[in-house]
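A.B. asks: Below are the sequence and a predicted model for it; my questions follow.
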Amino acid sequence: AQSVTQPDIHITVSEGASLELRCNYSYGATPYLFWYVQSPGQGLQLLLKYFSGDTLVQGIKGFEAEFKRSQSSFNLRKPSVHWSDAAEYFCAVGAGYGNKLVFGAGTILRVKS
Amino acid sequence: DVKVTQSSRYLVKRTGEKVFLECVQDMDHENMFWYRQDPGLGLRLIYFSYDVKMKEKGDIPEGYSVSREKKERFSLILESASTNQTSMYLCASRVRDRFSNQPQHFGDGTRLSIL
């Protein structure tokens, strides 16, 4: 069965510092991978997605993610964090007919000034 | 832009009540989904629908049912609400795509409290 692990429940970074959020997946076939962000009281917004091809994908708001098949990882990065990036981030793998998403438990990002 | 609208942002109901959560999308998407979000558990799929009147159970369907009479509307029904169904409920839609590479688009969620 598909599964997604986000090892970090909470992460705190200083404004302007770099960010990396970890995501490991388990899926038998070629994965379709997504990162979503959720601001307080809001729904989920798609940051970026990976289907095939270039393993480094660019997303909105200056985020990027790198797919590493050998490590079953899809880590999210940003070179310089802004206070407005404080939110909860979810990694997900698309599985089976209809793209039923399997989500990780989420990582809450706090940004300190 | 795709717009997925959930009828209520906050809802308070009593144990034993029948509760309806409504979701409407405006992009003619075939696939629609209901998720439940709880702290530390991420999002878990309750039901999804791949066409009008078609539905399939997700990972946690117990205590829930769904209705899809029109393509744009997908309703989640709590037949007899219980306190353990207090949660955030998120609706999503996506275009039908057999290769699973199109993203889901989410509504803002309904925070449901069962007293």
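C.D. replies: Alright, I've got the coordinates.
A.B. asks: list the buried ones in the longest strand belonging to chain B?
C.D. replies: Ranked by residue count under DSSP state E, the longest strand found in chain B is strand B:42-51. Residues of strand B:42-51 classed as buried by neighbour count (16 or more other Cβ atoms under 10 Å in any protein chain shown): B:42-43, B:45-50. (Glycine included, C-beta is placed from N, CA and C.)
A.B. asks: same question, stretch B:92-99
C.D. replies: Neighbour-count burial for stretch B:92-99 [16+ other Cβ under 10 Å]: B:92-94, B:97.
A.B. asks: Let me know the closest of those residues to residue B:61.
C.D. replies: Nearest to residue B:61 out of the buried residues of stretch B:92-99 is residue B:92 (Cβ to Cβ; 16.2 Å).
A.B. asks: What parts of chain B come near chain A?
C.D. replies: Listed as neighbours of chain A in chain B under the rule Cβ under 8 Å from any Cβ of the partner chain: B:4, B:9, B:31, B:33, B:35, B:40-45, B:48, B:50, B:56, B:58, B:90, B:92, B:94, B:96-109.
A.B. asks: Kindly recompute the last result at 7 Å.
C.D. replies: B:31, B:40-43, B:45, B:48, B:50, B:58, B:90, B:94, B:97, B:100-104, B:106-109 (Cβ under 7 Å from any Cβ of the partner chain).
A.B. asks: Keep only those of those that are in strands.
C.D. replies: Short answer: the residues of chain B next to chain A in strands (DSSP E) are B:31, B:42-43, B:45, B:48, B:50, B:90, B:94, B:106.
A.B. asks: sorry, back to before: give me the helices and strands touching the longest strand of chain B, please.
C.D. replies: When contacts are defined as 3 or more Cβ pairs under 7 Å, 6 or more residues apart in numbering or on different chains; DSSP states H and E, strand B:42-51 sits against strand A:100-103, strand B:31-38, strand B:54-57, strand B:64-70.
A.B. asks: what about 10 Å?
C.D. replies: strand A:87-95, strand A:100-103, strand B:31-38, strand B:54-57, strand B:64-70, strand B:73-78, strand B:87-94 (3 or more Cβ pairs under 10 Å, 6 or more residues apart in numbering or on different chains; DSSP states H and E).
A.B. asks: Please export the C-alpha coordinates of it as CSV.
C.D. replies: Presented in CSV, the C-alpha positions along strand B:42-51 are these (Å, rounded to 0.1, in the frame of the first residue of the first chain):
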residue,chain,number,x,y,z
GLY,B,42,-2.9,14.4,7.7
LEU,B,43,-5.8,14.0,5.3
ARG,B,44,-7.7,10.7,5.0
LEU,B,45,-10.0,9.9,2.1
ILE,B,46,-13.6,9.2,3.1
TYR,B,47,-15.2,8.8,-0.3
PHE,B,48,-14.7,9.7,-3.8
SER,B,49,-16.8,9.9,-6.9
TYR,B,50,-15.6,9.5,-10.5
ASP,B,51,-18.9,10.5,-12.2
